[in-house]
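1. Sequence and predicted model, in that order:
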Amino acid sequence: MEVASLKLGREFYSRDTITVAKELLGKILVHDVDGQLIKGKIVETEAYLGLIDKAAHSYGGKKTKRLEAMYSIPGTSYIFFIYGMYYCFNVVTRETGIPEAVLVRGIEPVEGIDKMSNNRFGKNYEDLTNYQKKNLTNGPGKLSIAFNLDKSLDKEDLCGNRLYISEGEEEKIDIVETTRIGIDYAEEAKDWKLRFYIKNNAFVSKK
DNA sequence: AGCATGATATTCT
DNA sequence: GAATATCATGCTG
């Protein structure tokens, strides 16, 4: 039985990107893979501010085939391929046509943990080493493998039934604000504090 | 523990 | 042809 009210709607995504990045912390990412649900709590995000942000792919309003998702309606997924090996999952924000997004960098497994561990390491969770358990979903490339996220889910509507985000538990979340990862080339933008994570959470990629 | 390196392919110049 | 919003591995000490 579906509890539709728990799913985040268009109005959640069509707001200021920094607000969305912070409020995504503690929410639950859900991927329905042929009826089998993979769920995890979002614990780390980064905001990418399109036009003015040299770290963003869409800096200056650049438009290419790969960036189509960023110019789509808020609540669209933007999944890009990087370093010849990994996918990164983003959530498009703001009004349609403003190319801003939030990168999800860390997730704490909630449901379907054996599916995640098989996607990552080819075995069930109980057979993982402690090192593997710790590294299951603590990074953008890693969580994409665990959640089966790839190019086929680029431009997917997160207000649909295949891939979406739900409300988490009612809880007080202690947010740390700091600089983003892997964008040393971005000049002044590399010092902007646009990375947000839940304090003391084990699935944050980097303190 | 922390650092250096290599893997790998799509995208854009 | 170069760069890349990363990760795993294999050193080092």
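-> Good, I have the coordinates. Numbering: from 1, shown residues only, chains lettered A, B, ... in the order given.
2. all contacts plus neighbour counts: C-alpha atoms, from now on.
-> Noted.
3. continuing past the worst-scoring helix or strand of chain A on mean pLDDT, what's the next helix or strand?
-> The weakest-scoring helix or strand in chain A, judged by mean pLDDT, DSSP states H and E, is helix A:130-134 (a mean of 94). For helix A:130-134, the following helix or strand on the C-terminal side (DSSP states H and E) is helix A:140-146.
4. Which positions in that following helix come out as buried?
-> Neighbour counts over helix A:140-146 (16 or more other C-alpha atoms under 10 Å) mark A:140-146 as buried.
5. What lies in contact with the next helix or strand after that helix?
-> Counting by DSSP H and E, the element after helix A:140-146 in chain order, helix or strand, is strand A:163-166. Strand A:163-166 has contacts (C-alpha atoms under 8 Å, 6 or more residues apart in numbering) with A:6-8, A:27-32, A:156-158.
6. just stretch A:17-28 next, same as before
-> Applying C-alpha under 8 Å, 6+ apart, the contact partners of stretch A:17-28 are A:12-13, A:39-49, A:93-94, A:100-102, A:165-169, A:173, A:175, A:194, A:196-198.
7. Give me the buried entries from the residues you listed.
-> A:12-13, A:39-49, A:93-94, A:100-102, A:165-166, A:168, A:175, A:194, A:196-198.
8. circling back to that earlier point, same list, the contacts of stretch A:17-28, but only the ones touching DNA strand C.
-> A:48, A:101-102 (C-alpha under 7 Å from any atom of the strand).
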